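[1] after the sequence you'll find the predicted model.
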Amino acid sequence: MSKNPRNPVRRHFIKTLGLAAGGGAALLTACSSGHRSAEKNLGFAEIPHRLDARHHLPKDYTADILLRWGDPIDAGGDTFKPAALTPAEQQRRFGYNNDFIAFMPLDSDAGPAEGLRHSRSHNSRSGLLCVNHEYTLPHLMFPGYADKRSAGRIVSAEHVAIEMAACGHSIVEVKKTDEGWRPVLESAYNRRITVTTPMEIVGPAAGDARLRTSADPSGRQPVGTIANCAGGKTPWGTLLIAEEGFGGAFQGNPDKVADPAEARNHRDFGVGPDNRNWGDHHPRFDIEREPNEPNRFGWMVEIDPYDPTSTPRKLTALGRFEHEGFTLVAKPGQLIAAYGGDDDEHQFVYRFLSSGRYEIQADNRQLLSEGTLYAGRFDRDGSGRWLPLVFGLGPLTADNGFHSQADVLIDARRAAVLLGATPMDRPEDVQTNPVNDCTYVMLTKNKRRGDDGLNASNPRPRNSAGHVLEIVPPGTQGNRDHTSDTFRWNLFLLGGNPQAEDPAERGAYGQQSAGDISPHGWFANPDNVAFDQRGNMWIATDGCEDFGFHDGLWAMATEGEGRAIPKHFFGCPLGAEACGPEFTPDGTTLFVAVQHPADSRDSTFDKPAHRWPDNDPELPPRPSVMAIRRRDGGPVGS
């Protein structure tokens, strides 16, 4: 960054840092509901920064290792033997690299056909644990690979089939017993959804020529889902899971695709000849043979976990990009508002508004198939506007290569650029706090942002630590209008060490100037977020190892004296990130996904950096879901 004090962007950045440090609010009065502050409801003993082969919790907490890669999800499965794993076996086992988690309560006296009743249950002892499996790491899954750089190009056909079976989603019934949480292997609900699961395309782009392939000339019946990162839940009892970094599954040279516009589209999502070799064994993953197949990925997928026979639906009305997830605000009698982010550098925050209104007793599933997608513009004065991605409006016309609403949704990124949406520092989870009714955007990092690309909502060049924005819709707590096309926004916190010498790397957290943040309270690279019953924010991180300590979970209040002052709650083992934090309805269990443990320092299956969680010399490190509880049974975090 230039040191010229006359640089207006730099002056604004320094002003923003100062205001954030003084009160957690850069540009407007903070979102507030009058709820009690952090010191009254975050009473756990903070853990220190560490970096070792273990997970870490406050001393008054315990954790069950609930599900691990390779664990059987039906009663017929035997002990996991990774060297003997087959594609058919992996289809019956918990997948790899668990990410998003949804806990969907079950009524003990109900069956699969009564799913909507389940979704309104507040049972916290029995439910369906629904977990995404984002991607695979063959160098940690299979013996014989020298390192992570070689594995992607030399995996065998058998290994590719296992990888494909290890991606997607798992639905597993779980139950809380006197000994802790356990999977119910006899459950009729248990199900794997993978790269080979039949699906349905719905919404404005369904059947479009750009979604048709030789295997599916209808453009409505895709097969499988991949790169499933975060997600959301609907009030009618379904899941929304994201398709994020799908481009890496496709190989081929975009320059050999006949349509230049489609070639540009593929390059934008990272399709290229140096990707993994799935296309060598499955032609649909080779763009030179099936140039439209990538357009069938990059959507949000809706799944009914209560009906094991249901067909997942790809929701084209929510747009196509590298979805981190979409989360809903559903108020009876009003339009559904859904928020999401495109997890890549210089990409955008999105909002979707349904055409129809949400009614508790109605069949609401069509609400996510018909509506309007918007991209966010964050202005310097703290105001913002949602810009509609609608064919024929403004620049979204044939002159710019858009010939239908399907084109706008398939090329949502390009449409957002033309509309003037604000390029962000990797928008990841975007969720609304159910207590104060404001929406929070996790911006993980963006080392590619230069001095000339700064804006008020992304104020740091080469942003290595990330930050969090707060969106405040018009209205007051409990009555905010998420359907308004305007909003106010606030810089909630800046990740990084608050003692860093360079202001561009210095973190800013709530009332830190009063010395309230501990040496272990700061973090970097916010990724996923959840809110507990008291409205406290729980942030999961991905990238703290670049700063010398483990990734994990940090909790903080969103208002009061404790606003934006993090406390360190959970730490991952070396090489892992924390994902998908999810509370049971009563708040007494917090589920956390630990993804890619030991993925560091040229660690391989044969010579792993460690073997968490089993610590068994016969087993590799395994991504796992943990169920965290207070030893006295009280609410987590209190």
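    Perfect, thanks for sending it.

[2] buried set for stretch 561-577?
    Within stretch 561-577, the residues that count as buried by 16 or more other CB atoms under 10 Å are 562-577. To be clear about C-beta, it is placed using only N, CA and C from the backbone, and glycine gets the same treatment.

[3] in strands, which of these fall?
    Among the buried residues of stretch 561-577, DSSP state E puts 567-571, 577 in strands.

[4] contacts only, for the spatially closest residue to residue 193 that is not a sequence neighbour.
    Excluding the flanking residues, the one nearest residue 193 by CB to CB, 6 or more residues apart in numbering is residue 169, at 4.2 Å. Residues in contact with residue 169 (CB atoms under 8 Å, 6 or more residues apart in numbering) are 95, 130-133, 192-194, 225, 228, 239, 241, 303.

[5] among those residues, who's most crowded?
    Highest neighbour count within the contacts of residue 169: residue 132, with 33 neighbours (other CB atoms under 10 Å).

[6] next, work out how far apart that residue and residue 101 are.
    8 Å (CB to CB, to the nearest Å).

[7] same check on residue 140?
    Distance from residue 140 to residue 101, by CB to CB: 21 Å.

[8] between these two, which has more neighbouring residues?
    For residue 140 versus residue 101, neighbours defined as other CB under 10 Å are more numerous around residue 140 (28 against 25).

[9] and the next element down the chain from the helix or strand harbouring that one?
    For residue 140, the element it lies in under DSSP states H and E is helix 138-141. Of the helices and strands lying after helix 138-141 in sequence (DSSP H and E), the nearest is helix 148-154.

[10] any idea which helix or strand comes after that next one?
    Counting by DSSP H and E, what follows helix 148-154 is helix 157-166.

[11] residue contacts, the closest residue to residue 602 other than its chain neighbours?
    Nearest non-adjacent residue to residue 602, counting by CB to CB, 6+ apart: residue 147, 4.9 Å away. Residues in contact with residue 147 (CB under 8 Å, 6+ apart) are 139, 602, 604.

[12] helices along this protein, start to end?
    Per DSSP state H, the chain carries helices over the ranges 8-23, 38-41, 87-91, 115-119, 138-141, 148-154, 157-166, 260-268, 278-281, 405-410, 412-419.

[13] least reliable of these going by mean pLDDT?
    With a mean of 38, helix 8-23 has the lowest mean pLDDT of the helices of the chain.

[14] show me what residue 132 bridges to in the sheet.
    Here residue 132 sits in beta bridges with residue 169, going by DSSP bridges.

[15] with residue 599 as the reference, measure out to it.
    Applying CB to CB to residue 132 and residue 599 gives a distance of 17 Å.

[16] count of neighbours near the nearest residue to residue 194 once chain neighbours are set aside?
    With sequence-adjacent residues excluded and distances taken as CB to CB, 6+ apart, residue 194 is closest to residue 168, at 4.1 Å. Neighbourhood size, residue 168 [other CB under 10 Å]: 27.

[17] test my guess that residue 168 contacts residue 223.
    No: look at residue 168 against residue 223 with CB atoms under 8 Å: they stay out of range, at 11.4 Å.

[18] can you point out the buried residues in stretch 466-477?
    466-473, 477.

[19] ignore the last one, stretch 201-215
    201-206, 208, 210-213.

[20] tell me the one of these nearest residue 364?
    Distance to residue 364, by CB to CB, is smallest for residue 202 among those, at 14.0 Å.

[21] so who does the closest one touch?
    Contacts of residue 202 (CB under 8 Å, 6+ apart): 313-316, 369.

[22] what about 10 Å?
    Each residue near residue 202 by CB atoms under 10 Å, 6 or more residues apart in numbering is listed here: 220, 299, 302, 313-317, 365-366, 368-370.

[23] residues contacting the residue nearest the centre of the chain?
    Centroid-nearest residue in the chain: residue 230, 2.7 Å away (criterion: CA atoms, centre = their mean). With contact set as CB under 10 Å, 6+ apart, residue 230 has these partners: 99-101, 132, 134, 240-242, 244, 323-327, 340-341, 343, 428-431, 442, 527-529, 540, 579-580.

[24] write the PyMOL selection for whichever of those are buried.
    Command for PyMOL that selects the buried part of those, burial taken from 16+ other CB under 10 Å:
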select buried, resi 99+100+101+132+134+240+241+242+244+323+324+325+326+327+340+341+343+428+429+430+431+442+527+528+529+540+579+580
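
[25] just the contacts of residue 230: which are in strands?
    When DSSP E defines the strands, the subset of these inside them is 99-101, 132, 240-242, 323-327, 340-341, 428-431, 442, 527-529, 540, 579-580.

[26] end to end on stretch 233-248, go ahead and measure it.
    27 Å (CA to CA, to the nearest Å).

[27] now stretch 361-373
    End residues of stretch 361-373 are separated by 25 Å (CA to CA).

[28] show me what counts as buried in it.
    364-365, 367-369, 371-373.

[29] and those, which is closest to residue 486?
    Out of the buried residues of stretch 361-373, the member with the shortest distance to residue 486 (by CB to CB) is residue 372, at 15.2 Å.

[30] show me where the stretch 301-450 of the chain has strands.
    Assigned by DSSP state E, counting those that start in this stretch, the stretch 301-450 of the chain shows strands spanning 313-315, 323-329, 335-342, 345-347, 349-357, 371-378, 383-388, 424-425, 427-432, 439-443.
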